[in-house]
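Peer 1: from the sequence below, what's the structure:
(chains A, B and C)
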Amino acid sequence: MSSIAVSTTINGDDVEYLCQPDETLLDVLRNRLGLTGAKEGCGTGDCGACSVVVDGRLVCSCLVLGAEAEGRSIETIEGMADGSELHPLQRQFIEHAALQCGICTPGFLVAAKALLEQNPNPTETEIRFWLAGNLCRCTGYDKIVRAVQAAAAEMRGEPA
Amino acid sequence: MSLDTTLQDKAFKSVGTRPTRPDGVDKVTGRARYGADFNMPGQLVARVLRSPHAHARIKSIDTSKAEALKGVKAVITSADLPDLSNGDEGLFATLDNCMARDTAKYDGHAVAAVAAIDEKTATAAMKLIEVDYEILPHVVDVDAAMAPDAPLLYDTVFTSGIEPAPTTPSNVANRAELGHGDVEAGFAAADVTVERSYKTEQTHQGYIEPHACVASCNPDGTAELWVCTQGHFVYRQKCAELLGLEVSKLRVTSSEIGGGFGGKTHVWAEPVALALSRKANRPVKLVMSREEVFRASGPTSATSIDVKIGATRDGRITAASATLRYTNGPYADMWAELGAMTAFACYDLEHVKTVGYEVLVNRPKVAAYRAPSAPMAAFAVESAVDELAAKIGMDAVEFRIKNAASEGTRSSYGPVYGPIGIGPTLQAAKDHPHMNAPLGPNQGRGMACGFWFNFGGQTCSDLNINADGTVTLAVGTVDVGGSRASLSLVAAEELGIDYQDVKAVIADTATLGYNDMTDGSRGTFSSSMATISAARNAIQIMRERAATMWDIPVEDVYWEDGHAHAAGQNHGNRAPLSVKEIAAEAGNTGGPIAGHSELVADGAGVSFATHICDIEVDPETGSSRVVRYTVIQDAGKAVHPSYVEGQYQGGATQGIGWALNEEYIYGADGRLQNPGFLDYRIPVCSDLPMIDTQILEIPNPNHPYGVRGVGETSIVPPLAAVANAVSNAVGVRMSHIPISPPRILAALADAQDG
Amino acid sequence: MIEVKLWAGLRPLADNQSVVRVEARTIREMLRKLEERYPGLAAPIRGQVAVAVDGVIYRDDWSRELPEGAEVMLMRRLAGG
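Peer 2: Below you'll find the model as predicted:
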């Protein structure tokens, strides 16, 4: 099978790559572009560890083909911080001890950022259902939900 | 210098605070490197061919077509992993599990492996390997495997632990009996007795990161292994033994680990990757798929347990007994015995007897899962205890308080307890507002206790004082949940410096002495002891250096608040020297400053917890959800309370998943039907409420700071707490875990018919 | 004199006794004397044994002193998660 040439935008930068027609976006990110922040926990779209945003839409990159990125704009965990300035979600995850092993953390952060862009003031229930596609086996989700609540409040400009 | 491990009376400055973790930024930016995030030049991709049969004789394997495929660099079978176990049965079981020899013993058992230039080629090559199987009868159910006419896994296994020794083979590898007193006499003295049988299904540790490694063997006999593991020193030892390598020539680096919970204490793919690399003379990367993780790694035992408990009408237990049958997979271990040891450990019993049967079945080899074997035993016992309390009309907490073990109690597994925390956790539960909060319609409340041993083990650390006075702490226990933060706190505490001036790292096997694994809740317990010891050794050297700088006797220098102070009237007016000041002069006062420690951390102290759970059940659909949950556990001393809470919350959640949803489902063909996260459902965020925690601090007398292990006990009570809550909600005793919606509906229907 | 309790699986290797008395000041001395008296115990003592002293379980620290009158028990060495 011959490779497909793809031109896309990743974290604001123009990127070109060749990929096989059956190659997932996750494999392209990890194996061709060195962006290993997205993780493969299942390969079937059940765990959310590979979450990225494609044209504003939260997706599991293991269920998207690399070829489908043509002409689109992709955001990954590697683009979340603004230089040395962590995104409020990243900072609050650290401050709230919302990670133990951390393998699910990039996926949770990408998913939570997508939530707060749509809904800056989510209820606990809304946070829990939005994040239901991201599996965490370490934390019991308690501190993750609290970190998202704290980041949301901070982004709304409320005092801590 | 050997460490005085007795508890000190000490006011803490760093320990007990909640600073951010040193690996936090790496983990929130995607920079942290896990098992699959590492690559080597010229690396090949490995795939493992697995048996589709639950039990089959391997008549022959033809790899010639696969080897002939362009891009394939190595194909291996068991012939490439020759038996070097030299009579060590445990090592042989590990070898046979890594690569089946004459018989495939479960669906998913590895039979061959391929290394090729890319995944596509490796996958194509796998399909060209021809295995000629003779399918054998199989058995997966624990009770069915014990039946006299059950298909046998081996005709060479005769149950040990029985007198006289049996003369016919069976699937029961061992019988172990524990206890004391005379249970028959005890039951005769009971006014009320509960006797019931329970079942629990097999679960998986469910870490989100599949097993992954990169192996590189060189022609000169040296080798490197990058791997996600709970114990890289143990992996080095096992891999060296299995492959016939010299330990010193195999360097193992532990990656960041994406969860383990016991599942990454055993080697699976690593010896295979090394054997492929050896044959191909290229680095080899082997990453398991999620399906492979379910089919061929983990899991815990499925169990069948009978419990009988008798009590007087005033609420005193007179006798307790249990028979515990645990699946081991195809290789004999001591999982039932562990269940038998822990089953009644919470209680003060005059007459107690437990019997454990290790049952061999055609399922994957059982691996440790967080307080291994204790949750199932606690489920059965705590369910029966609840039922008994109800039968005599006593409150469930009061009944447990009345019968709880305390200092001086002979434990059901043998020794007499020192000071222990079961009583305080029960009292805290009784006093907790959760216990008296009102319940809504269709809701029930349950509570349960749990016990786990905890242990310590061989531990080693290096504490280097850098030229600028900052500290690098190298430890050998893998950080599974924030221990680098905890150990940095301990180093800061002991040296008297800021937490921010300490950086903890996990050293590889070539740069630090041997360390046991991070298991048995030992990571922070053991490595904090080694860190304290290393820090004290460094302080001793810094006192000597200060003495040199001041030109006074070292006996006149004492250490306080991160400074060397000159004592005595002769030198009392000298300004104290900070770590930074002493470090700056190190080159001229004797060279680099470091403290080292090699020790055995023992005396971990047993651990207890009490959990409270509220559940709401929909009687129409049988679906249930946890609406409130509280964990109360003794931590000895919480070094970093946020990560202690995290252990409590995470363990509770795993237990809730086990109780309500998770199970391996096998078809009649012995194949696993749900090897994925869609059909093997672990708890998701929307399933749960916040998990409240209460940390009790009853200091461990055998640790300088009073620390106890906290990692495992939290998974022990939830199965029973959830089962008791559901049983109270629906009015029917639930005795089969997981308590999934179909089981609840069936129980409700039975009760209506009954 | 220390009374050492053996778990059931060890008893056939020690003349079917459940309690053995030895003169020993440390765990190491106790294990050595048990081994001398019952050579069959040598194999399990290497790797399968933990020692409970007054309720505290020691897996590796064989230098631990045994207080006079201590309750000493050989247990199976445990696995953990």
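Peer 1: how about the helices in the stretch 151-300 of chain B?
Peer 2: In the stretch 151-300 of chain B, the helices defined using DSSP state H, counting those that start in this stretch lie at B:183-188, B:232-243, B:269-280, B:290-296.
Peer 1: counting contacts, what elements does the shortest one pack onto?
Peer 2: Contact analysis of helix B:183-188 by 3 or more C-beta pairs under 8 Å, 6 or more residues apart in numbering or on different chains; DSSP states H and E lists strand B:303-311, strand B:317-329 as its packing neighbours. Yep, even glycine has a C-beta here, placed from its N, CA and C like the rest.
Peer 1: could I get those strands as a markdown table with mean pLDDT and mean neighbour count?
Peer 2: Below are the helices and strands packed on helix B:183-188 laid out as a markdown table (pLDDT from 0 to 100; neighbours: other C-beta atoms under 10 Å in any protein chain shown):
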| stretch | mean pLDDT | mean neighbour count |
| --- | --- | --- |
| strand B:303-311 | 98 | 25 |
| strand B:317-329 | 98 | 26 |
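Peer 1: for chain B, which spans come out with low pLDDT?
Peer 2: B:1, B:754 (pLDDT under 70).
Peer 1: domains of chain A?
Peer 2: A:4-79, A:88-155 (automatic domain parsing).
Peer 1: so the shortest one, near chain C or not?
Peer 2: In other words, domain A:88-155. No. Remark: domain A:88-155 sits outside contact range of chain C, by C-beta under 8 Å from any C-beta of the partner chain, the gap being at least 12.7 Å.
Peer 1: and chain B, is the worst-scoring helix or strand of chain C on mean pLDDT touching that?
Peer 2: Every helix and strand of chain C was ranked by mean pLDDT, DSSP states H and E. The lowest is strand C:56-58, at a mean of 86. Yes. Counting by C-beta under 8 Å from any C-beta, contacts between strand C:56-58 and chain B involve C:Val56, C:Ile57, C:Tyr58.
Peer 1: dump those to a markdown table, plus distance to chain A and neighbour count.
Peer 2: Formatted as a markdown table, the residues of strand C:56-58 next to chain B follow (distance: C-beta to the nearest C-beta, whole Å; neighbours: other C-beta atoms under 10 Å in any protein chain shown):
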| residue | distance to chain A | neighbour count |
| --- | --- | --- |
| C:Val56 | 29 | 20 |
| C:Ile57 | 27 | 23 |
| C:Tyr58 | 30 | 23 |
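Peer 1: name the nearest residue to the residue nearest the centre of chain A, sequence neighbours excluded.
Peer 2: Geometric centre of chain A, nearest residue: A:Val110, 2.7 Å, by C-alpha atoms, centre = their mean. Spatially, and ignoring its direct neighbours in sequence, A:Val110 is nearest to A:Ser51 (4.4 Å; C-beta to C-beta, 6 or more residues apart in numbering or on different chains).
Peer 1: for chain A, just list every one of the strands.
Peer 2: Under the criterion DSSP state E, chain A contains strands at A:4-10, A:13-19, A:51-54, A:57-60, A:73-75.
Peer 1: which one of those is the most hemmed in?
Peer 2: Neighbour counts (mean count of other C-beta atoms under 10 Å in any protein chain shown) averaged over each of the strands of chain A peak at strand A:51-54, with a mean of 24.
Peer 1: got a list of what the residue of chain A found nearest chain B touches?
Peer 2: Distances between chain A and chain B by C-beta to the nearest C-beta are smallest at A:Gly37, namely 2.1 Å. A:Gly37 makes contacts with A:Thr76, A:Ile77, A:Glu78, A:Pro106, B:Thr29, B:Gly30, B:Arg31, as judged by C-beta atoms under 8 Å, 6 or more residues apart in numbering or on different chains.
Peer 1: just B:Ile582 next, same as before
Peer 2: If a contact means C-beta under 8 Å, 6+ apart, then B:Ile582 has B:Ile465, B:Gly469, B:Met542, B:Arg545, B:Ala546, B:Met549, B:Ala564, B:Thr589, B:Ile593 as its contacts.
Peer 1: ok, now B:Pro675?
Peer 2: Contacts of B:Pro675 (C-beta under 8 Å, 6+ apart): B:Gly108, B:Arg290, B:Glu291, B:Phe294, B:Arg295.
Peer 1: for chain A, state which of these is nearest.
Peer 2: Among these, and counting by C-beta to the nearest C-beta, the member closest to chain A is B:Arg290, at 4.2 Å.
Peer 1: next, count neighbours for B:Ala374.
Peer 2: Counted by other C-beta atoms under 10 Å in any protein chain shown, the residues lying close to B:Ala374 total 27.
Peer 1: contacts only, for residue 53.
Peer 2: Defaulting to chain A. So A:Val53 contacts A:Val59, A:Ile74, A:Glu75, A:Val110, A:Lys113, A:Ala114 (C-beta under 8 Å, 6+ apart).
Peer 1: wait, I meant chain C there
Peer 2: Each residue near C:Val53 by C-beta under 8 Å, 6+ apart is listed here: C:Ile27, C:Arg64, C:Leu66, C:Pro67, C:Ala70, C:Glu71, C:Val72.
Peer 1: was I right to think A:Leu25 contacts A:Arg72?
Peer 2: No. Between A:Leu25 and A:Arg72 there is no contact under C-beta atoms under 8 Å: 9.8 Å.
Peer 1: give me the more crowded residue out of those two.
Peer 2: Neighbour count, other C-beta under 10 Å: between A:Leu25 and A:Arg72, A:Leu25 has more, with 28 against 17.
Peer 1: so how far is chain C from the more buried one?
Peer 2: As judged by C-beta to the nearest C-beta, to the nearest Å, A:Leu25 and chain C stand 35 Å apart.
Peer 1: the nearest residue to A:Val6 once chain neighbours are set aside - how many residues pack around it?
Peer 2: Distances taken as C-beta to C-beta, 6+ apart put A:Glu70 closest to A:Val6, at 5.0 Å, once the chain neighbours are dropped. Look at A:Glu70: counted by other C-beta under 10 Å, it has 12 neighbours.
Peer 1: can you pull the contacts of A:Glu70?
Peer 2: Counted by C-beta under 8 Å, 6+ apart, A:Glu70 has contacts A:Val6, A:Ser7, A:Thr8.
Peer 1: show me which positions of the lengthiest helix in chain C end up buried.
Peer 2: Using DSSP state H, we find that the single longest helix of chain C is helix C:27-37. For helix C:27-37, burial by neighbour count (16 or more other C-beta atoms under 10 Å in any protein chain shown) applies to C:Ile27, C:Glu29, C:Met30, C:Leu31, C:Arg32, C:Lys33, C:Leu34, C:Glu35.
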